[in-house]
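Chemist: 3D model of this:
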Amino acid sequence: MPAICWRKYDGQRTEKKLVRVCGISALALLAVIYACIYILSARQLNGAMDMLADRISENGGSFPEYSAGEQEDMGGPAPGSINEETRFSVRFFIVSFDDEGLVTGENIAAMRSVTQQSAAGYGIKAAASGSERGWIDDYRYKKYENSQGYDIVFVDGAMNRSVFRMTMLSAGAALTGSGIVLFILMVVFSKRAVRPIAESYEKQKQFITDANHELKTPLTLIMTNIDIVQSEIGENEWLQDAKCEGSRMNDLINQMGILTKMDEGADGGEKARLDLSGLVTEKARSFVPLAESRNKKLMAAIDGGTVCLGHRQAVEKLMDILFDNAIKYCDEGGTITVALRNRRRPLLTVENTYRSAQNVETDKLFDRFYRGDRSRTPSGGFGIGLSIAKAIVKDQGGEINAYIKSGDIVGFKVVFR
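Modeler: Below you'll find the predicted structure:
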């Protein structure tokens with residue numbers, strides 16, 4: 001079997017992945033919190049400014065006298081409501097327009113920082129916006145009708161907006177500091193969180209490696225002894241059965257070894273451009289006799305000129321697994337369809353007819369040692385092949401998925417890099 005290189009697993013990589021996932025989650029949460037603070041604060045600011053503009057517009061262009069009885073009717077004073085000092089702290093000006101939209105006057109009696117010319121300019125901008133309310137610079141405006149046309153009142157919100165900016169700056173600084181602290185804590189504690197997982201995985205990996213070595217030698221001796229006995233006494237049904245089971249066990253040991261290499265293997269080196277059309281065509285032709293021997297039909301539709309970036313031996317192994325799996329689980333007299341599409345990212349699909357397709361758990365097909373239908377594989381198949389296929393595709397930088405089509409077809413879709 002050709003050697004296949006796999007990505008190496010280690011605790012450090014898992015630790016980095018944990019920190020990255022937790023960091024992104026924490027960053028997203030802090031961003032949502034900041035957005036909520038911003039939206040609520042902006043709504044409160046606009047609401048407070050609109051209340052002042054409403055009082056002025058309802059009072060004919062001047063700020064109303066304070067009325068304690070009015071506050072009691074409203075259920076008592078509320079945050080940001082009118083009080084005895086409000087009329088002395090509110091700065092505003094009014095620009096009047098006629099029915100044709102021409103400026104007819106500017107009332108700047110309550111505002112000393114604007115001139116009649118600049119007030120008219122603000123009014124023209126607000127009228128051109130087409131909105132009843134809004135902001136121009138640090139002025140909150142409201143447009144309302146009068147007997148001769150309409151007025152636009154501008155309330156000075158510079159102080160309120162300054163407080164809003166300081167609030168948001170403080171909130172941003174606090175959340176940024178919290179994010180930094182969270183990141184430091186994640187880095188510090190991630191090692192403790194990952195260490196038990198890494199140690200457990202290392203023990204499991206070491207067990208598989210040791211089991212391979214321990215089983216190889218006695219199995220080799222058993223198979224050798226069977227051959228010796230068979231050469232002395234001739235063909236024997238019991239010896240043949242033992243030899244078949246020994247071969248199956250040897251296959252299982254080899255596949256367990258591949259699973260170990262998936263986690264331990266070194267870098268596979270530079271990937272090369274592969275003639276994917278040629279590889280798929282060659283593999284499909286080699287599997288046609290096997291399919292026909294089992295009364296099944298294999299058909300292929302392959303776009304020419306399709307290339308991908310990867311390791312040839314790994315891609316060939318992937319095709320061996322997918323084609324063999326399709327033939328193995330295809331209904332007798334059924335059809336296996338292989339299709340390769342030349343897209344921006346090459347797409348390979350391998351489908352086979354299967355009457356019980358609706359019972360297939362596609363989300364578990366790539367789990368190690370999972371077999372959806374044990375009765376269909378009495379002489380082979382350990383539920384490892386598809387997990388190896390998934391690891392190969394991942395190593396090649398692609399994607400693989402299983403799906404059910406038309407109720408009686410099981411398919412696998414591979415998107416190459």
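Chemist: which one is residue 362 nearest to, not counting chain neighbours?
Modeler: Leaving aside its chain neighbours, residue 362 sits nearest to residue 402 (4.1 Å; criterion: C-beta to C-beta, 6 or more residues apart in numbering). Just so you know, the C-beta spots here come from the backbone N, C-alpha and C atoms, and that holds for glycine as well.
Chemist: Specify the beta-bridge partners of the one you found.
Modeler: Beta-bridge pairing of residue 402 under DSSP bridges involves residue 412.
Chemist: right, and it touches residue 414 too?
Modeler: No: look at residue 402 against residue 414 with C-beta atoms under 8 Å: they stay out of range, at 10.5 Å.
Chemist: okay, these two: which has more neighbours?
Modeler: residue 414 (24 against 17; other C-beta atoms under 10 Å).
Chemist: Run a quick neighbour tally on residue 358.
Modeler: Under the neighbour criterion other C-beta under 10 Å, residue 358 is assigned a count of 10.
Chemist: can I assume residue 410 is in contact with residue 331?
Modeler: No: using C-beta under 8 Å, residue 410 is not in contact with residue 331, being 10.4 Å away.
Chemist: got any residues that touch both of these two?
Modeler: 352, 354 (C-beta atoms under 8 Å, 6 or more residues apart in numbering).
Chemist: Could you check which of these two is surrounded by more residues?
Modeler: Higher neighbour count among residue 410 and residue 331: residue 410, with 24 against 16, using other C-beta under 10 Å.
Chemist: how far away is residue 221 from residue 58?
Modeler: 102 Å (C-beta to C-beta, to the nearest Å).
Chemist: Point out where the chain drops to low pLDDT.
Modeler: 1-13, 66-85, 198, 201, 204-205, 208, 258-269, 371-382 (pLDDT under 70).
Chemist: quick one, helices of it?
Modeler: 11-58, 68-73, 86-89, 116-129, 158-233, 237-264, 276-293, 312-329, 385-395 (DSSP state H).
Chemist: mind checking which of those is nearest residue 406?
Modeler: Closest approach to residue 406 among the helices of the chain (C-beta to C-beta): helix 312-329, 15.6 Å.
Chemist: Report the angle between that closest one and helix 385-395.
Modeler: Using axes from the mean of the first three to the mean of the last three C-alpha atoms, to 10 degrees, the inter-axis angle of helix 312-329 relative to helix 385-395 is 150 degrees.
Chemist: Check which helices and strands helix 312-329 is in contact with.
Modeler: Secondary structure elements in contact with helix 312-329, counted by 3 or more C-beta pairs under 8 Å, 6 or more residues apart in numbering; DSSP states H and E, are strand 272-275, helix 276-293, strand 335-341, strand 347-353, helix 385-395, strand 409-415.
Chemist: In a markdown table: these, plus distance to residue 179.
Modeler: Converted to a markdown table, these look like this (distance: least, C-beta to C-beta, whole Å):
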| stretch | distance to residue 179 |
| --- | --- |
| strand 272-275 | 43 |
| helix 276-293 | 45 |
| strand 335-341 | 44 |
| strand 347-353 | 40 |
| helix 385-395 | 31 |
| strand 409-415 | 35 |
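Chemist: Any idea which of those gets closest to residue 119?
Modeler: Comparison of those against residue 119 by C-beta to C-beta identifies strand 409-415 as nearest, at 63.5 Å.
Chemist: Give me the residues contacting the closest one.
Modeler: With C-beta under 8 Å, 6+ apart, strand 409-415 has contacts from 318, 322, 325-326, 329, 345-354, 357, 360, 389, 393, 398-405.
Chemist: and if you look at stretch 394-406?
Modeler: Outside stretch 394-406, the residues within contact range by C-beta under 8 Å, 6+ apart are 5-7, 268, 271, 308-311, 314-315, 318, 345, 351, 357-358, 360, 362, 365-366, 386, 389-390, 393, 410-417.
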